[in-house]
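Trainee: this is the structure alone, sequence omitted:
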Ligand SMILES: NC(=O)c1ccc[n+]([C@@H]2O[C@H](COP(=O)([O-])OP(=O)(O)OC[C@H]3O[C@@H](n4cnc5c(N)ncnc54)[C@H](OP(=O)(O)O)[C@@H]3O)[C@@H](O)[C@H]2O)c1
């Protein structure tokens, strides 16, 4: 049985059905089963990683997909140690390309520390290091709905955005076939696009022009705090990561194609799947 942490997040939502389709038995974690909408073929487990008895929670799992949020490695370190205690054979950890590039922002540092804990815990391990997700562009939904506009922070880099289903496909491969133990895989899409090119692709699929607005970092920071209600520390952590990754987000790795034997999904495909998520409610 494969235990998926973060089963209701962007990656987990793609991973659970992919594992089930591959014939695996899946246990999926959430803190809120009533809202989780997890694939009914999976066994849903209700727990919070910060308060659960981790060895009891992980008992019976052969492999664990390790994905948690946050700026600290503590949660994943505790998961790795508990997994070793109860005989888990393989840990697959979701990390970030930032570790490959040696970034020193807090989010990347926490991933680097957690990777180390996973490598040293005892079970076999595989590290997946995706770059920025295409799904991050769902953040454009509100301004498109309200103003048919996209606001991007000045200097936002060209990015080789990766589709979460490609991350899930690689995760499925590493969790259901052998030969990936001790491997670390950087995962990106196949092409780097500027934010302006991304908005053009989106506008073409929507069949209407979308306004592209670059705004100073301070305004972008205020927008994020207002919109997500994140504490200043979390927003600053996000921008620190963005600053450090800016020089590298365009870098394309061929890992997805090498492992899956097909090119990565494109941003145009992602947009095509998600046009209904970007309506414009004209209030003129
Ligand atoms: N976005 C990017 O561009 C990007 C790029 C590279 C790496 N990453 C990394 O990807 C990870 C985020 O993945 P994601 O976007 O798929 O996740 P997400 O959409 O942010 O969802 C977070 C998941 O974590 C679970 N979770 C949070 N706190 C928990 C707790 N205390 N106990 C148990 N479960 C908890 C949530 O489950 P419930 O709410 O159901 O309990 C949910 O399934 C982060 O480590 C991030 O650094 C992101």
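Mentor: Received it, and whenever you're ready, just let me know what you need. All values derive from a computational prediction rather than experimental measurement. Numbering: from 1, shown residues only.
Trainee: okay, and for the stretch 1-150 of the chain, where does confidence drop off?
Mentor: Low-confidence segments of the stretch 1-150 of the chain (pLDDT under 70): none present.
Trainee: so which residue of it comes closest to the ligand?
Mentor: Residue nearest to the ligand within the stretch 1-150 of the chain (CB to the nearest ligand atom): residue 9, separated by 2.4 Å. Where C-beta positions appear, they are placed from N, C-alpha and C, glycine not excepted.
Trainee: give me the neighbour count for that residue.
Mentor: Applying the criterion other CB atoms under 10 Å, we find 18 residues in the vicinity of residue 9.
Trainee: in contact with the spatially closest residue to it that is not a sequence neighbour, which residues?
Mentor: Distances taken as CB to CB, 6 or more residues apart in numbering place residue 67 nearest to residue 9, at 6.7 Å, with adjacent residues excluded. With contacts defined as CB atoms under 8 Å, 6 or more residues apart in numbering, the neighbours of residue 67 are 4-6, 9, 11-12, 93-94.
Trainee: in the host helix or strand of residue 172, what counts as buried?
Mentor: Counting by DSSP states H and E, the secondary-structure element that holds residue 172 is helix 164-176. Neighbour-count burial for helix 164-176, with 16 or more other CB atoms under 10 Å as criterion, is recorded at 164-175.
Trainee: a markdown table please, covering those and showing pLDDT and distance to the ligand.
Mentor: Compiled in a markdown table, the buried residues of helix 164-176 are given as follows (pLDDT from 0 to 100; distance: CB to the nearest ligand atom, whole Å):
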| residue | pLDDT | distance to the ligand |
| --- | --- | --- |
| 164 | 98 | 7 |
| 165 | 98 | 12 |
| 166 | 98 | 13 |
| 167 | 98 | 8 |
| 168 | 98 | 10 |
| 169 | 98 | 14 |
| 170 | 98 | 13 |
| 171 | 98 | 11 |
| 172 | 98 | 15 |
| 173 | 98 | 18 |
| 174 | 98 | 16 |
| 175 | 98 | 15 |
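Trainee: and which of those is nearest residue 273?
Mentor: residue 165 (9.1 Å; CB to CB).
Trainee: any idea how far the closest one lies from residue 266?
Mentor: 12 Å (CB to CB, to the nearest Å).
Trainee: looking at it, residue 209 is touching residue 203, isn't it?
Mentor: Yes: because the distance of 5.5 Å satisfies CB atoms under 8 Å, residue 209 is recorded as touching residue 203.
Trainee: neighbour count winner among these two?
Mentor: For the pair residue 209 and residue 203, the greater number of neighbours falls to residue 203 (19 against 11), based on other CB under 10 Å.
Trainee: noted, bye for now.
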